[in-house]
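Visitor: predicted model and sequence below, questions to follow.
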Amino acid sequence: MLQLKYYTCDLAFEYPFTIYKGTKTHQPTLITSLGLGNLAGYGEATAITYYNVTVPDMVASLESKRGMIERYALTDPQRFWHFLHHLIPGQHFLTAALDIAGWDLFAQMRRMPLHQLLGIKWDHAPLTDYTIGLDSVENMIAKMEAHPWPVYKIKAGSANDIDHIVAMRQHTAAPFRIDANEGWTFDDAKLLLPELHKLGVTIVEQPLPKEELEAMKELKQLSPIPLYADESCRTEDEVKKCAEGFHGVNIKLTKCGGITPAMRMIKEARALGLKVMMGSMNESSIGTAAVANMLPLLDEVDADGPLLLKEDVGEGLVYNNGEMKLSGRSGLGVRFTGKR
């Protein structure tokens, strides 16, 4: 019988974190634990206001389904995901936290790292970026200089952000990725993309609102920079829809429901000729380690959550100038260090 536990945390950011959709100083997060004997697998889901996901709501759902979850016989993580998918339909964030914990536990039961259990050959691992949130140009430059990194992700939200990029380019030769979080208009994007290309921008995420798929199809034909879907690619059924309007997709475990659907999304994206990126929702090392185990399957990765936080609740994941290193232990390779 599984032992279900959970921990609620409110993790402080190093700097106030601002994107086009708002600012936050702390990241509420839910850590889930599935135990069997002396083993425990961990997962994580953060609370995101613009997806109407809160920690109290996730906890309430967990408690209401506790008995059914604890009685589940974990013999196959993929079957466990299907069980959760029907048990808590539509609750992708919570499903992801439990799915990740299930995979962690099952890999520990098999005494192998998760990537090995998933059949992932460890022969290529892209570097993660470091994210610079929206701020005054002086503060954005100061953050960048305080965190030397081989590639930066820069949050954007208006046509005027080009001035920030120009100023930041004077202080580093590192490639830039831009994440507009649906903040541009089509006319803005059409003018900005050629200029950003000249400034060494290698990727632009979600330039237009997700509803503007027809405009994205036209923008894709015009853009000198690869365009990646983020808000437009939340779940499995949206991958195919993105193929005409984007060059790639950014898959996030909490949005799609965990490792199990993410693996299917990667396979489908490849079949459609799309590039694949995985991103974070500011998770601690617990949730981020799930992404780290999938690195060789990716073209790009944005998994800097632990770097943006003042505090972490996991240990075992190490960053070295953009490179993410796993501990080599079984499962996710990280351990929960306790609520702080």
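Guide: Perfect, thanks for sending it.

Visitor: check contacts around the spatially most central residue of the chain.
Guide: Residue closest to the mean C-alpha point of the chain, counted by CA atoms, centre = their mean, is Ser280 at 2.0 Å. Residues in contact with Ser280 (CB atoms under 8 Å, 6 or more residues apart in numbering) are Lys252, Gly287, Thr288, Val291, Asp302, Ala303, Asp304, Gly305. All C-beta atoms are positioned from the backbone trio N, CA, C, and that covers glycine.

Visitor: now for the fifth one, how many residues are close by?
Guide: This means Asp302. By other CB atoms under 10 Å, 26 other residues sit near Asp302.

Visitor: with the second one instead?
Guide: Summarising burial for Gly287: neighbours were counted as other CB under 10 Å, giving 31.

Visitor: got it, and the fourth one?
Guide: The burial count assigned to Val291 is 26, neighbours taken as other CB under 10 Å.

Visitor: distance of the closest residue to it other than its chain neighbours from Gly322?
Guide: Spatially, and ignoring its direct neighbours in sequence, Val291 is nearest to Ala303 (4.6 Å; CB to CB, 6 or more residues apart in numbering). Distance of Ala303 to Gly322, given as CB to CB, to the nearest Å: 10 Å.

Visitor: average pLDDT across the helix or strand Ile154 falls within?
Guide: Under the criterion of DSSP states H and E, Ile154 resides in strand 152-155. Per-residue pLDDT over strand 152-155 has a mean of 97.

Visitor: which pLDDT value goes with the nearest residue to Phe186 once chain neighbours are set aside?
Guide: Leaving aside its chain neighbours, Phe186 sits nearest to Ala215 (4.6 Å; criterion: CB to CB, 6+ apart). The model reports Ala215 with a pLDDT of 97.

Visitor: assign Ala215 to helix, strand or coil.
Guide: Secondary structure state of Ala215, per DSSP: H, G, I helix; E, B strand; the rest coil, is helix.

Visitor: domain assignment for the protein?
Guide: According to automatic domain parsing, the chain comprises the domains 3-116, 121-336.

Visitor: start to end distance for the first one?
Guide: Length of domain 3-116, first residue to last, CA to CA, to the nearest Å: 25 Å.

Visitor: now do the last one
Guide: According to CA to CA, domain 121-336 extends 26 Å from its N-terminal end residue to its C-terminal end residue.

Visitor: use 46 as the first number from now on
Guide: Right, with 46 as the first residue, what we last looked at is domain 166-381.

Visitor: so what's the gap between that domain and the chain middle?
Guide: Centroid separation for domain 166-381 versus its chain: 8 Å, with CA atoms, centre = their mean, to the nearest Å.

Visitor: check contacts around Lys297.
Guide: Asp275, Arg279, Met323, Gly324, Ser325, Met326.

Visitor: what is the nearest of those to Asn97?
Guide: Arg279 (12.9 Å; CB to CB).

Visitor: quick one: contacts of whichever strand or helix holds Ile331?
Guide: In this assignment (DSSP H and E), Ile331 forms part of helix 330-337. With CB under 8 Å, 6+ apart as the test, helix 330-337 has contacts from 74, 76, 87-91, 142, 145, 148-149, 159, 298-299, 304, 323, 325-326, 346, 348, 350-351, 357-362, 369, 371, 377-379, 381.

Visitor: what about dumping the CA coordinates of that helix to PDB?
Guide: The C-alpha trace of helix 330-337 is given here as PDB (Å, rounded to 0.1, in the frame of the first residue of the first chain):
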ATOM      1  CA  SER A 330      15.200  20.800  -7.500                       C
ATOM      2  CA  ILE A 331      12.500  18.200  -7.100                       C
ATOM      3  CA  GLY A 332      10.400  19.100 -10.100                       C
ATOM      4  CA  THR A 333      13.500  20.300 -12.100                       C
ATOM      5  CA  ALA A 334      15.200  16.900 -11.700                       C
ATOM      6  CA  ALA A 335      12.400  15.300 -13.700                       C
ATOM      7  CA  VAL A 336      13.300  17.600 -16.600                       C
ATOM      8  CA  ALA A 337      17.000  17.000 -16.100                       C
END
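
Visitor: check which helices and strands the helix or strand that that helix is followed by sits against.
Guide: The first helix or strand that comes after helix 330-337 along the chain, using DSSP H and E, is strand 345-347. The contact analysis (3 or more CB pairs under 8 Å, 6 or more residues apart in numbering; DSSP states H and E) places strand 345-347 against strand 320-324.

Visitor: now do the helices in this protein.
Guide: With DSSP state H, the ranges of helices along the chain come out as 100-115, 122-132, 137-154, 159-162, 182-191, 206-214, 231-243, 258-267, 284-287, 298-301, 304-316, 330-337, 350-353.

Visitor: to Thr176, which of these lies closest?
Guide: The nearest among the helices of the chain, by CB to CB, is helix 350-353 at 6.3 Å.

Visitor: just checking, what packs against that closest one?
Guide: Against helix 350-353 (3+ CB pairs under 8 Å, 6+ apart) you get strand 48-64, helix 330-337.
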